[in-house]
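> Need a 3D model of the following:
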Amino acid sequence: MSDESNEQAEEKQTVTAAERKKIYLWAVLLVVLFATVGILAVWSMQKNKVGSIKRHDDRMNPDVGEGGRQPPPSALPAGAAPLRVTAGIYLDRIVELSVKEVGWTVDFYVWFRWRGQEPDPGEKFQIVDGAIESKEKVTDSTNGDERYTLYRVQARITKFFDVSRFPRDDHVLTINIETPALERHQLLFVADNESSGVSSRVQIEGYSIYKQAILEKAHAYRSTHGDPRLVVGTDRVHSELRMGVWVYREGWGFFLKLFIGLFGAVGVAMLAFFIKPTDVDPRFGLGVGALFAAIANTYITSSLVPDTGVMTLADIINGVGILIIFLSLLESTISLYLYDRVEKVELSRLFDRFSFVIFLAAYVLINVSLAWAASL
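Below you'll find the model as predicted:
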C-alpha cells in the first residue's frame, strides 16, 4: 500500500479539532432543545397541579363561589327565620367512577334532624349536577318536638374531571344536596360534622381517598326561573349541603402499565446508535418500528380520557417519546452520511456515542421530572 493510501486511511480514522467542535455544537443544540422542552413541560404540569389543588379547595370553601366567582352573601336577610335542619352524609359505596364517561355512581346515607311540624325536607331534596336513581326512607322518628329521618340513596353524579395531569391526576368528588322549593332564608342546612364520613369499605378502582369534608354552602342561581314575583336580575340562593371526597392515584403501577411499551420503544430506537450506519435495514428499521409503537401508544392513552382538547401528561410523555425517536432517525441519517459519503468512520462513531448519552440522559430526566411535577 502506498504512503498516500496510508495517509488517506489514517485521515478517515482521525477526528480533527474542527470536527470535534461540530460534535460539541450538535451536543449543545440537543441539550438546549431538550432543556427547553423539559422546562416548559414541567412548568406546565406544576402550574396545572397548583391550579387543580386551588380549585378543589375552593369547591369546599363556603367563602368562594363556583368557578372562583364572588360567592353569594352568607349572611341571611334581615328578619329571616329559616328552618334550621341538621344534615349529614355517610358515604357507603362508590359503585363506579369513570373519567372517560364523565361521572360517578355512589350509594350513601343522608339524614335530616329538625324541630317543629314542618314537612320532612328529605322528601323533595335533589342532587345538584346529578340524578337520584333510587331513594329509600330507612328511618322516620320523633322525639318530643324533634324529628329525624334517614334515607339511603343511590345517585349518578356528573363530574367533569380535570385530566391535564392524567395518569397522575387527583380529584374532589362532591355530593351536593339542596331543596329547590325552599330558598336559603327559608331553609338552612347545618352540617353534621361529627356523624358524617366515608365507610372504610369504600374503594375506587385506581384511586385512593386521602381527605373528606362536609359543609353548608350558599348556592346562587343567576336567574329568577321565570318567577313573576321576583325582580329580573334577582338571584335565587339556596342552602346546599356539600360533602367532598378527595381522591388521587396512589402508586406507580397504572403509570408504568400505560408507558412501559413507549419506554421500550424509545429504548429500542436508541439501540440503533450501536449499529453500523451502513447496515441500513436494522439501523433505520428499529427507529421506524419504534415510531409506530409510540404513535399506537398515543392512541391507547387518548382513548382513556374524554375528547376535551386538553394536552394531558400522557400526551406530553408520548410526544416527548415521539420527538426522541424522530431525532434518533435524524441522527442516524447524519451518521450514515459521515460514515459512507464523507468516509469519516471515527467521526461517525463519536457522533453516535455523544448522541446516545445525551438522548438517554435527557429522556430519563424529562420523564422523571414530569412525573414528579404532576404528582401530589
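> The longest strand along the chain packs against which elements?
Identified as the longest strand of the chain according to DSSP state E is strand 83-98. If contacts are counted by 3 or more Cβ pairs under 8 Å, 6 or more residues apart in numbering; DSSP states H and E, strand 83-98 sits against strand 103-115, strand 170-178, strand 187-191, strand 197-198, strand 208-221, strand 236-248. For the C-beta atoms, the positions are set from N, CA and C on the backbone; glycine is no exception.
> between those, which gets nearest to residue 22?
Between residue 22 and those, the tightest spacing by Cβ to Cβ is seen for strand 170-178, at 47.0 Å.
> And for the closest one, what's in contact with it?
Contacting residues not belonging to strand 170-178 are listed as 52, 56, 59-60, 87, 89, 91, 94, 97, 104, 106, 108, 110, 125-130, 155, 157, 159, 161-162, 189, 207, 219, 238-249, 376 [Cβ atoms under 8 Å, 6 or more residues apart in numbering].
> Could you count how many residues lie near the residue nearest to residue 166 when sequence neighbours are not counted?
In space, residue 166 comes closest to residue 312 once its chain neighbours are excluded; the distance is 4.6 Å by Cβ to Cβ, 6 or more residues apart in numbering. Other residues near residue 312 come to 24 when the count uses other Cβ atoms under 10 Å.
> show me the contacts for residue 312.
Residue 312 touches 163, 164, 165, 166, 301, 305, counting by Cβ under 8 Å, 6+ apart.
> any idea how far the third one is from residue 312?
Going back to what we said before, that points to residue 165. Distance check for residue 165 against residue 312: by Cβ to Cβ, to the nearest Å, it reads 7 Å.
> Quick check: residue 62 touching residue 213?
No - using Cβ atoms under 8 Å, residue 62 is not in contact with residue 213; the gap is 10.8 Å.
> which of these two has more neighbours?
Between residue 62 and residue 213, counted using other Cβ under 10 Å, residue 213 has the larger neighbour count: 17 against 14.
> residue contacts, that one?
60, 243, 244.
> before we move on, back to that, pLDDT and neighbour count added to the contacts of residue 312, as JSON lines?
Below are those laid out as JSON lines (pLDDT from 0 to 100; neighbours: other Cβ atoms under 10 Å):
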{"residue": "163", "pLDDT": "93", "neighbour count": "22"}
{"residue": "164", "pLDDT": "94", "neighbour count": "22"}
{"residue": "165", "pLDDT": "94", "neighbour count": "26"}
{"residue": "166", "pLDDT": "94", "neighbour count": "22"}
{"residue": "301", "pLDDT": "93", "neighbour count": "19"}
{"residue": "305", "pLDDT": "91", "neighbour count": "20"}
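> Export these to TSV and append columns for distance to residue 42.
Below are those laid out as TSV (distance: Cβ to Cβ, whole Å):
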residue	distance to residue 42
163	18
164	13
165	12
166	16
301	19
305	21
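> about what we covered before: only the buried residues of the longest strand of the chain, if you could.
By neighbour count on 16 or more other Cβ atoms under 10 Å, the buried set for strand 83-98 is 83, 85, 86, 87, 88, 89, 90, 91, 92, 94, 97.
> still on that earlier bit, between the contacts of residue 213, identify the one with the most neighbours.
Result: residue 243 is most packed of the contacts of residue 213 (other Cβ under 10 Å), 26 neighbours.
> Please tell me I have it right and that one contacts residue 106.
No - assessed by Cβ under 8 Å, residue 243 is found out of contact with residue 106, at 9.8 Å.
> Where does pLDDT dip in the stretch 151-300 of the chain?
Along the stretch 151-300 of the chain, segments meeting pLDDT under 70 span 223-234.
> how many other residues sit next to residue 253?
That count, for residue 253 with other Cβ under 10 Å as the rule, works out to 10.
> Which of the three states applies to residue 78?
Classification of residue 78 by DSSP: H, G, I helix; E, B strand; the rest coil places it in coil.
> for the closest residue to residue 163 other than its chain neighbours, helix, strand, or coil?
Spatial nearest neighbour of residue 163, excluding adjacent residues (Cβ to Cβ, 6+ apart): residue 305 at 4.5 Å. With three-state DSSP as the basis, residue 305 sits in coil.
> just use 26 as the starting number from now, easier for me
In the new count, where the first residue is 26, that last one comes out as residue 330.
> Report the mean per-residue pLDDT for the host helix or strand of residue 347.
Remark: residue 347 resides in helix 338-361, with elements defined by DSSP states H and E. For helix 338-361, mean pLDDT is 96.
> helices or strands next to it in the packing?
The contact analysis (3+ Cβ pairs under 8 Å, 6+ apart) places helix 338-361 against helix 42-84, helix 278-296, helix 305-327, helix 370-399.
> Who are the packing partners of the longest one?
Contacts of helix 42-84 with other secondary structure elements, assessed using 3+ Cβ pairs under 8 Å, 6+ apart, are made with strand 195-203, strand 261-273, helix 338-361, helix 370-399.
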